[in-house]
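1. below is the sequence, then the predicted model.
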Amino acid sequence: MTARVGVVTFPGSLDDRDALRAVAAAGAEPVSLWHKDASLHGVDAVVLPGGFSYGDYLRCGAIARFSPVMDLVIAGAREGLPVLGICNGFQVLCEAHLLPGALVRNCHLHFTCTDQRLQIENTSTAWTSAYEAGAHVVIPIKNGEGRFVADVATLDQLEAEGRVVARYVGSNPNGSARDIGGITNAAGNVVGLMPHPEHAIEELTGPSSDGLAFFTSVVKALVSV
Amino acid sequence: MARVVVDVMLKPEILDPQGQAIVGALGRLGHTGVASVRQGKHFEIELEGEADAVALARVTELAGSLLSNPVIEDFVVRASP
């Protein structure tokens, strides 16, 4: 059975096409989901892509979090549905309180766009099992509001429970607390990531193919269920 | 019609680089004596009815769920004359 992975398009999403393409490259069936959908169309996992949902008005992800499809994504995530939020999708997951903390304006106030070195620190999540623990990867990052913040107790808890999925290596592109680039929920099915693995699935169009393993990981997780 | 005002501010412990940039600009303009600036959001909400306790409770609820993110922001709700 081929795994079906949905990618939500909000008004203002930018990277939904690349995410759908990455899903196909990983060997799964990509399924387009619309922000007004009243059904998840039987998908086995969901990607919330990057972009500027609803113009990022109010706060990044704040309005998208209340879109109809998110009710289903939130309910599914609480029951174990694998959900990956990339960039704006990470912001939506934080606004939905599926992940702790928040993403705020970069400390230097500039939009950053660069190929970023990361260390993959947790390889037990639904989205990172195809990596080797401690692997260094190069994946594009592009954001204006990507600085991860949380109170000290939350940061300590994330570290103690091994829930930092990816950490910036070499330079911190946005001032994120403790160089955090991605985190997971306690169950490991919900992952938020500021860098864009969907832009690094092949050498022709990205700096590397290092990002593909996020998508092959979930395919592996779904097939082994 | 009644007006209710919601002010949203980043929590004190959250770095506000926009406020810092404003402090820098004030210095370049020759305005001395400004120790710090923090930037927030100000919402003016026109109600169809009166700003009674029930209405204020509803505005407080939406201020805490949509207008602000409790992880990073504090808010104040007040009826405006």
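-> Yep, it's here.
2. quick one: the strands in the chain, in order.
-> In the absence of a named chain, chain A is used. A:4-9, A:29-34, A:45-48, A:83-86, A:102-104, A:112-120, A:136-143, A:147-149, A:164-168, A:180-184, A:190-193 (DSSP state E).
3. my bad, chain B
-> Counting by DSSP E, one finds strands in chain B at the ranges B:2-10, B:40-47, B:73-80.
4. include mean pLDDT when you put those strands into CSV, please.
-> CSV is the format used below for the strands of chain B (pLDDT from 0 to 100):
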stretch, mean pLDDT
strand B:2-10, 97
strand B:40-47, 97
strand B:73-80, 96
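5. could you single out the most deeply buried of the ones you listed?
-> Mean neighbour count (mean count of other Cβ atoms under 10 Å in any protein chain shown) peaks for strand B:2-10 among these, with a mean of 18. The way it works is simple: take the backbone N, C-alpha and C, and place the C-beta from them, glycine included.
6. residue contacts, residue A:168?
-> A:116-118, A:176, A:179-181 (Cβ atoms under 8 Å, 6 or more residues apart in numbering or on different chains).
7. can you tell me how far the spatially most distant residue from the centre of chain B is from residue A:165?
-> The centre of chain B is farthest from one residue, residue B:30, which by Cα atoms, centre = their mean lies 27.2 Å away. Applying Cβ to Cβ, to the nearest Å, the value for residue B:30 to residue A:165 is 48 Å.
8. which residues of chain A lie near chain B?
-> A:58-59, A:62-63, A:66, A:94-95, A:97, A:100-102, A:104-109, A:149-151, A:175 (Cβ under 8 Å from any Cβ of the partner chain).
9. surely residue B:15 and residue A:107 touch.
-> Yes - the pair residue B:15 / residue A:107 is scored as a contact, 6.4 Å apart, by Cβ atoms under 8 Å.
10. same list, the strands of chain A, but as TSV with distance to residue A:213 and mean pLDDT please.
-> Formatted as TSV, these follow (distance: least, Cβ to Cβ, whole Å; pLDDT from 0 to 100):
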stretch	distance to residue A:213	mean pLDDT
strand A:4-9	14	98
strand A:29-34	17	98
strand A:45-48	14	98
strand A:83-86	12	98
strand A:102-104	23	97
strand A:112-120	8	97
strand A:136-143	8	98
strand A:147-149	22	97
strand A:164-168	12	98
strand A:180-184	13	98
strand A:190-193	12	98
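11. which one of those lies closest to residue B:19?
-> strand A:102-104 (12.2 Å; Cβ to Cβ).
12. quick check, pLDDT for the residue farthest from the centre of chain B.
-> Residue B:30 carries a pLDDT value of 95.
13. which of the contacts of residue A:168 sits closest to chain B?
-> Nearest to chain B among the contacts of residue A:168 is residue A:176, at 11.3 Å by Cβ to the nearest Cβ.
14. pretty sure residue A:218 is in contact with residue A:3, am I right?
-> Yes - if you go by Cβ under 8 Å, residue A:218 and residue A:3 touch, sitting 7.3 Å apart.
15. overlap in contacts, those two.
-> With Cβ under 8 Å, 6+ apart, residue A:218 and residue A:3 have common neighbours A:28, A:45.
16. more neighbours: which of those two?
-> Shown here are residue A:218 and residue A:3; by other Cβ atoms under 10 Å in any protein chain shown, residue A:218 has more neighbours (30 against 21).
17. OK, contacts around residue B:39?
-> Counted by Cβ under 8 Å, 6+ apart, residue B:39 has contacts B:10, B:16, B:18-19, B:22.
18. swap the cut-off to 6 Å and go again
-> Contacts for residue B:39 (Cβ atoms under 6 Å, 6 or more residues apart in numbering or on different chains) come out as B:18-19.
19. pull up the gap between it and residue A:175, please.
-> Where residue A:175 is concerned, residue B:39 sits at a distance of 17 Å (Cβ to Cβ).
20. likewise for residue A:188?
-> 27 Å.
21. same check, this time on residue A:93
-> Relative to residue A:175, and taking Cβ to Cβ, residue A:93 is found at 20 Å.
22. who has more neighbours out of these two?
-> Each of residue A:93 and residue A:175 has its neighbours counted (other Cβ under 10 Å); residue A:93 has more, 30 against 18.
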